[in-house]
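**Student:** Model the following, please.
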Amino acid sequence: MTRPALPFEPVLRRVGAAADRIGVEAYAVGGAVRDALLGRATTDLDVVAVGPGAGVALAEATARDVGARAPAVYPAFGTAAVTVPRPALERFLGGAEDVPERLVIEFVGARRESYRADSRKPIVEDGTLAEDLARRDFTVNALASSLNGDRFGEVVDPFGGLGDLEAGRLKTPLDPAETFADDPLRMFRAARFASQLGFEVVPEAVSAMEAQAGRVEILSQERVTDELSKLLASPSPSTGLGLLYRTGLLERVLPELTRLAGVEEAGGRAHKDNFWHTLEVVDNLVHLQRAVGVGERADGYDLWLRWAALLHDVGKYVTKRYERGAGWTFHGHEDVGPREIIPAVFRRLKLPLGDPLDFVQTVVRLHHRPAALVDEDVTDSAVRRLLMDAGDDVDDLMLLVRADVTSKNARRVRRYLAGFDRVERRFAEVEERDRMRNWQPPVDGDEMQERLGLGEGVAVGMLKAWVREAVLDGEVPNEHDAAWAYVLARKDEAVRRGALFDDALRTLSGPERAATGAVKEALFWDDLPADDDAARAHVAAIKAAALAARRAG
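**Tutor:** Next up, the predicted model:
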């Protein structure tokens, strides 16, 4: 008889003892049993107690026995959660390593479910253990392991889950069309488990996913996005993403990605399929991350880097062009994607719009820059600029850049990767000398205003920009005294240009204000005549050209 070594067994034996004391049958179910049989670590502990109200009653009894606070109870669903604190875990687990800060055990009474067509929320009634296991998504998750007395660990397998586990199959306990129609999120879970476990979804379930793809409309975006993130966190994201693509599900939730699929040919030349290239990049990144210590389940910014890999080429659909002589081009896709498409994807998927979005935008925007630095004669200025723009994200950027090499030509791959090795050596040399990562200007605007007697305005903005460029170009050392001397030398010219800008701004009214940006750009960076009248004429010409271009466009 199969008796897996259940996770946190001393704690689960306490649950079983409490179940014996109050006279109910109790079983560990789902992921805990599956992962125990596969030898995978897990903290996913779900307990089913058989009988009306048994789930909540067992949770309350367990909380008392393990020294936990009263359980969080959800009466409408007949569920409860017990949080076992670390001190209690250490007492039960002895000298075990990696004891978590807390362990949450979910309790529920055995139940059967029925569904309405317009909702994935079930109508729940008390049921038997077999009925409870029948409502599970896959047979490998429809396994139960007894927690009672002498039967502790004994596996109950009414749907052949043990055989499917051994064969590496994902199969639904009931008819897959019914299973997926009742709860369409199970289709995304099929893709996620395929990526996490390396299992194959059986053909009849794949066909049901295709047939039921339209049912995703009843799902909350948060649940779908959570499954996508778990899939990306897995050891083989392309497995699940490919399944979602083939069944039509991915197009419904991430069309920005699926529209990259396919190959066009013109002039006898074809471009690569950017969808399948993207999936290869994501898998490459997983392997590179594993090599630097990322575990089986990526989280934090390791996971956000995988989101960046997934979205790094979404701008190619918009920028794709065929140019005679040059072939297919995607000029500017690294700007269009992070500026326009990725923020829209984050908003629709309800992903966080703060630092994670900024991080993804940054590494996608910069992912072509390192390739321009592989030549031996690249200037230190170019290296400084990338280090400053990437800041702390530069190491993640280089992982993405390496993952983006998907050529089937082994010699070409070696050449690209050797080039990136040289780039990283240059990074180390320039960083050690110039300290450009997370660069802060050696002279800031507050000091300029205070010591030069300047108000906040264009003149100070010019001086700040000029200092930045002078340091990046190596014209001025990255230190305060040298930078301040440069500011003093350029102060009068900045004040003059600031006055010219104020004069020009007073002449702009109504639609002409559209030329403000062009005028400001010219005054910041153009070589202006020393004579003020000639300088004003130059600014007027810039304004006229900008307005003419706007009318033409």
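**Student:** only C-alpha atoms for contact and neighbour calcs from this point on.
**Tutor:** Fine.
**Student:** ok, and the helix or strand in the protein with the lowest average confidence?
**Tutor:** Comparing helices and strands within the chain by mean pLDDT, DSSP states H and E singles out strand 123-126 as the least confident, with a mean of 68.
**Student:** after it, next one along is what?
**Tutor:** From strand 123-126 onward toward the C-terminus, using DSSP states H and E, the following helix or strand is helix 129-134.
**Student:** who's in contact with that following helix?
**Tutor:** Residues lying outside helix 129-134 but in contact with it, judged by CA atoms under 8 Å, 6 or more residues apart in numbering, are Val48, Val50, Ala110, Arg111, Arg112, Ala142, Leu143, Ala144, Pro158, Phe159, Pro173, Leu174.
**Student:** Narrow these to just the buried residues.
**Tutor:** Applying 16 or more other CA atoms under 10 Å to these, the neighbour count classes Val48, Val50, Ala110, Arg111, Arg112, Ala142, Leu143, Ala144, Pro158, Phe159, Pro173, Leu174 as buried.
**Student:** okay, who's weakest in the residues you listed by pLDDT?
**Tutor:** For those, the least confidently modelled position is Arg112, at 80, judged by pLDDT.
**Student:** Flag the shaky bits of the stretch 201-350 of the chain, pLDDT-wise.
**Tutor:** In the predicted model, the stretch 201-350 of the chain carries pLDDT under 70 at residues 268.
**Student:** Run through the strands of it in chain order.
**Tutor:** Per DSSP state E, counting those that start in this stretch, the stretch 201-350 of the chain carries strands over the ranges 265-266, 269-270, 321-323, 327-329.
**Student:** any idea how far the third one is from the chain center?
**Tutor:** Put plainly, it is strand 321-323. Centre-to-centre, strand 321-323 and its host chain are 31 Å apart (CA atoms, centre = their mean, to the nearest Å).
**Student:** how about that strand: buried residues?
**Tutor:** When burial is assessed from 16+ other CA under 10 Å, strand 321-323 yields the following buried residues: Tyr322.
**Student:** so who does Leu547 touch?
**Tutor:** When the contact criterion is CA under 8 Å, 6+ apart, the partners of Leu547 are Glu512, Ala514, Ala515.
**Student:** okay but the last one is in contact with Ala546, surely?
**Tutor:** Yes. Counting by CA atoms under 8 Å, Ala515 touches Ala546, with 5.6 Å between them.
**Student:** one step back: would JSON lines of the contacts of Leu547 with distance to Gly293, neighbour count and secondary structure be doable?
**Tutor:** As requested, the contacts of Leu547 are arranged in JSON lines below (distance: CA to CA, whole Å; neighbours: other CA atoms under 10 Å; DSSP: H, G, I helix; E, B strand; the rest coil):
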{"residue": "Glu512", "distance to Gly293": "56", "neighbour count": "15", "secondary structure": "helix"}
{"residue": "Ala514", "distance to Gly293": "51", "neighbour count": "15", "secondary structure": "helix"}
{"residue": "Ala515", "distance to Gly293": "52", "neighbour count": "21", "secondary structure": "helix"}
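**Student:** Name the single longest helix found in this structure.
**Tutor:** The longest helix of the chain (DSSP state H) is helix 480-507.
**Student:** The next helix or strand after it: how far from the chain's middle?
**Tutor:** Read in the C-terminal direction, the helix or strand following helix 480-507 is helix 516-525, with elements assigned using DSSP H and E. Centroid separation for helix 516-525 versus its chain: 37 Å, with CA atoms, centre = their mean.
**Student:** in helix 516-525, what's buried?
**Tutor:** Residues of helix 516-525 classed as buried by neighbour count (16+ other CA under 10 Å): Thr516, Ala518, Val519, Lys520, Ala522, Leu523, Phe524.
**Student:** With stretch 254-270 instead?
**Tutor:** Along stretch 254-270, these residues count as buried under the neighbour rule (16+ other CA under 10 Å): Glu256, Leu257, Thr258, Leu260, Ala261.
**Student:** how far is it from where the chain is centred?
**Tutor:** Counting by CA atoms, centre = their mean, stretch 254-270 comes out at 24 Å from the chain centroid.
**Student:** Could you work out the end-to-end span of that stretch for me?
**Tutor:** Counting by CA to CA, to the nearest Å, the length from the leading to the trailing residue of stretch 254-270 is 25 Å.
**Student:** Identify the residues contacting that stretch?
**Tutor:** So stretch 254-270 is contacted by 245, 250-251, 271-276, 310-311, 314, 316-317, 322, 324, 327-328, 341, 345 (CA under 8 Å, 6+ apart).
**Student:** what about 7 Å?
**Tutor:** Stretch 254-270 is touched from outside by Leu250, Glu251, His271, Lys272, Asp273, Asn274, Phe275, Val314, Tyr317, Gly327, with contacts defined as CA atoms under 7 Å, 6 or more residues apart in numbering.
**Student:** Pick out the most distant pair among the buried ones among the contacts of helix 129-134.
**Tutor:** For those, the farthest-apart pair by CA to CA is Val50 and Leu174; their separation is 21.2 Å.
**Student:** Show me the shaky parts of the stretch 351-500 of the chain.
**Tutor:** Within the stretch 351-500 of the chain, the stretches with pLDDT under 70 are 376, 432-439.
**Student:** count of residues packed around the closest residue to Ser234 other than its chain neighbours?
**Tutor:** Of all residues not flanking Ser234 in the chain, Gln196 sits nearest, at 4.9 Å (CA to CA, 6 or more residues apart in numbering). Counted with other CA atoms under 10 Å, residues neighbouring Gln196 total 21.
**Student:** ok, Gln196 - contacts?
**Tutor:** Per CA under 7 Å, 6+ apart, neighbours of Gln196: Ser234, Pro235, Ser236.
**Student:** same question, Arg513
**Tutor:** The contact partners of Arg513, by CA under 7 Å, 6+ apart, come to none.
**Student:** With Leu528 instead?
**Tutor:** Contacts of Leu528 were listed using CA under 7 Å, 6+ apart, and they are Ala535.
**Student:** what does Leu243 give?
**Tutor:** With contacts taken as CA under 7 Å, 6+ apart, Leu243 has the following neighbours: Ala191.
**Student:** And the contacts of stretch 366-386?
**Tutor:** Identification of contacts with stretch 366-386 by CA under 7 Å, 6+ apart yields Leu397, Val401, Gly419, Phe420, Arg422, Val423, Phe427, Val430, Met436, Leu472, Asp473, Gly474.
**Student:** And stretch 332-352, by the same measure?
**Tutor:** With contact meaning CA under 7 Å, 6+ apart, stretch 332-352 is reached by Gln221, Glu222, Thr225, Asp313, Val314, Gly315, Lys316, Thr319, Leu353, Gln361, Val364, Arg365.
**Student:** now do stretch 481-499
**Tutor:** Applying CA under 7 Å, 6+ apart, the external contacts of stretch 481-499 come out as Pro442, Val443, Val458, Ala459, Met462, Leu463, Val467, Val476, Leu523.
**Student:** The first one and Asn478 touch, don't they?
**Tutor:** Translated: Pro442. Yes. Here Pro442 reaches Asn478: they are 6.5 Å apart, a contact under CA atoms under 7 Å.
**Student:** neighbour-wise, which of those two wins?
**Tutor:** For Pro442 versus Asn478, the count of surrounding residues by other CA under 10 Å is larger for Asn478: 23 against 17.
**Student:** Would you confirm that that one belongs to a helix?
**Tutor:** No. Secondary structure of Asn478, determined by DSSP: H, G, I helix; E, B strand; the rest coil: coil, with no helix assignment.
**Student:** Phi first, then psi, for it.
**Tutor:** For Asn478, the backbone dihedrals (degrees, to the nearest 10) come out as phi -80, psi 70.
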